[in-house]
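Peer 1: Got a sequence here, can you model it:
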Amino acid sequence: MLDYKTLTDKYIELAIIHGNALQNGKHIEANKSYKEIIKVFNLINKNNEKVDAILLEIMNNENINVQIWAATHSLSSNMNIKESIKKLNEISRRTGIGIVRLSAQMVLENWNKTRKIIL
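Peer 2: Numbers count the residues shown, from 1 in each chain. Presented below is the predicted three-dimensional model:
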């Protein structure tokens, strides 16, 4: 089994790949990386008491694609809710970030309506 540092690094890498693919209209690549992000997150989440701390750390990554994935996974797992909402609000108010802004807005809208995020 891979260690959590390796998994975290892979999560970050995949989030960046996913965001870049979306921005560039490469939907097949985006879909593939989406599936991989979910797999890696499930491995991080499995039997890890520190997953909330890991997500909080990743949420502060310099890359906005990593930030939105970590915030969304935090909400979907009912962790770091206050921090996740704050991060998603920040992203949803930024300009010049294309679909990432819309994604943050949609996650927040869904959260506000249902208090659930399904990935």
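
Peer 1: Show me what the worst-scoring helix or strand of the chain on mean pLDDT packs onto, helices and strands only.
Peer 2: Here the helix or strand of the chain ranked lowest by mean pLDDT, DSSP states H and E is helix 99-114, holding a mean of 91. If contacts are counted by 3 or more Cβ pairs under 8 Å, 6 or more residues apart in numbering; DSSP states H and E, helix 99-114 sits against helix 4-23, helix 64-76, helix 81-93. The way it works is simple: take the backbone N, C-alpha and C, and place the C-beta from them, glycine included.

Peer 1: quick one: Leu14 from Thr95, how far?
Peer 2: Distance, Leu14 to Thr95, by Cβ to Cβ, to the nearest Å: 26 Å.

Peer 1: Actually, Ile85.
Peer 2: From Ile85 to Thr95 the distance is 20 Å (Cβ to Cβ).

Peer 1: Among the two, which residue is more densely surrounded?
Peer 2: When neighbours are counted by other Cβ atoms under 10 Å, Ile85 comes out ahead of the other of Ile85 and Thr95, with 17 against 6.

Peer 1: separation between the more buried one and Lys26?
Peer 2: For Ile85, the distance to Lys26 equals 30 Å [Cβ to Cβ].

Peer 1: do the same with Ile38
Peer 2: 18 Å.

Peer 1: pLDDT score for the spatially most central residue of the chain?
Peer 2: Residue closest to the average C-alpha location in the chain (Cα atoms, centre = their mean): Trp69, at 0.7 Å. Model confidence at Trp69, given as pLDDT, is 96.

Peer 1: With Leu2 instead?
Peer 2: pLDDT, Leu2: 66.

Peer 1: that older thread, using TSV, lay out the helices and strands packed on helix 99-114 together with distance to Glu109.
Peer 2: Putting these into TSV (distance: least, Cβ to Cβ, whole Å) gives the following:
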stretch	distance to Glu109
helix 4-23	18
helix 64-76	12
helix 81-93	9
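
Peer 1: Glu49: which of these is closest?
Peer 2: Judged by Cβ to Cβ, the one of the helices and strands packed on helix 99-114 that comes nearest to Glu49 is helix 4-23, at 10.9 Å.
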